[in-house]
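J.: Mind looking at a prediction? Sequence and model below.
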Amino acid sequence: MSTSDGPGKKAAKKAAKKSTSAKKSGGVKKSGAAKKATGAKKAATSAKKSAAKPRAATTHEEIAERAYHLHQREGGDAVENWLRAERELNEG
């Protein structure tokens with residue numbers, strides 16, 4: 001820039017540059033409140049999706065198989081293995 005550029009020209013160039021970068025980025029930038037509202041909307045949508053899909057009940061066979069594998073790998077009490085298998089299958 002030359003020394004003949006005054007503060008008015010610098011401000012005009014800066015504003016033009018911001019305008020160009022806004023066009024490149026896809027338009028108007030969202031304010032902080034607009035960003036928060038969008039985030040809340042996404043969270044509500046994902047909560048609805050997870051609540052809309054009920055989990056299938058864990059079957060007797062699934063629990064028995066998991067308890068069997070726990071017993072084979074670690075030994076222990078059959079009832080404790082059953083309860084642990086039931087808990088693990090229902091959590092995850």
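T.: In hand now; what should we look at?

J.: Show me what secondary structure element comes after the helix or strand of the chain with the lowest mean pLDDT.
T.: For the chain, counting by mean pLDDT, DSSP states H and E, helix 32-52 ranks last in confidence among helices and strands (a mean of 56). The helix or strand immediately downstream of helix 32-52 is helix 60-74, counting by DSSP states H and E.

J.: Now that next one: average pLDDT?
T.: Averaging pLDDT along helix 60-74 yields 97.

J.: Give the buried residues for that helix.
T.: Neighbour-count burial for helix 60-74 flags 63, 66-67, 70-71 (criterion: 16 or more other C-beta atoms under 10 Å). To be clear about C-beta, it is placed using only N, CA and C from the backbone, and glycine gets the same treatment.

J.: Please name every helix or strand in contact with the helix or strand that it is followed by.
T.: Counting by DSSP H and E, the element after helix 60-74 in chain order, helix or strand, is helix 78-91. For helix 78-91, the packing partners by 3 or more C-beta pairs under 8 Å, 6 or more residues apart in numbering; DSSP states H and E come out as helix 60-74.

J.: would you put the C-alpha positions of the helix it packs on in PDB?
T.: As requested, C-alpha coordinates have been extracted for helix 60-74 and formatted as PDB (Å, rounded to 0.1, in the frame of the first residue of the first chain):
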ATOM      1  CA  HIS A  60     -32.400 -66.200  27.700                       C
ATOM      2  CA  GLU A  61     -30.000 -67.800  25.200                       C
ATOM      3  CA  GLU A  62     -27.900 -64.700  24.800                       C
ATOM      4  CA  ILE A  63     -27.400 -64.400  28.600                       C
ATOM      5  CA  ALA A  64     -26.700 -68.100  28.900                       C
ATOM      6  CA  GLU A  65     -24.100 -68.000  26.100                       C
ATOM      7  CA  ARG A  66     -22.400 -64.900  27.700                       C
ATOM      8  CA  ALA A  67     -22.400 -66.400  31.100                       C
ATOM      9  CA  TYR A  68     -20.900 -69.700  29.700                       C
ATOM     10  CA  HIS A  69     -18.100 -67.700  28.100                       C
ATOM     11  CA  LEU A  70     -17.400 -65.800  31.300                       C
ATOM     12  CA  HIS A  71     -17.300 -69.100  33.200                       C
ATOM     13  CA  GLN A  72     -14.900 -70.700  30.600                       C
ATOM     14  CA  ARG A  73     -12.600 -67.700  30.700                       C
ATOM     15  CA  GLU A  74     -12.700 -66.800  34.400                       C
END
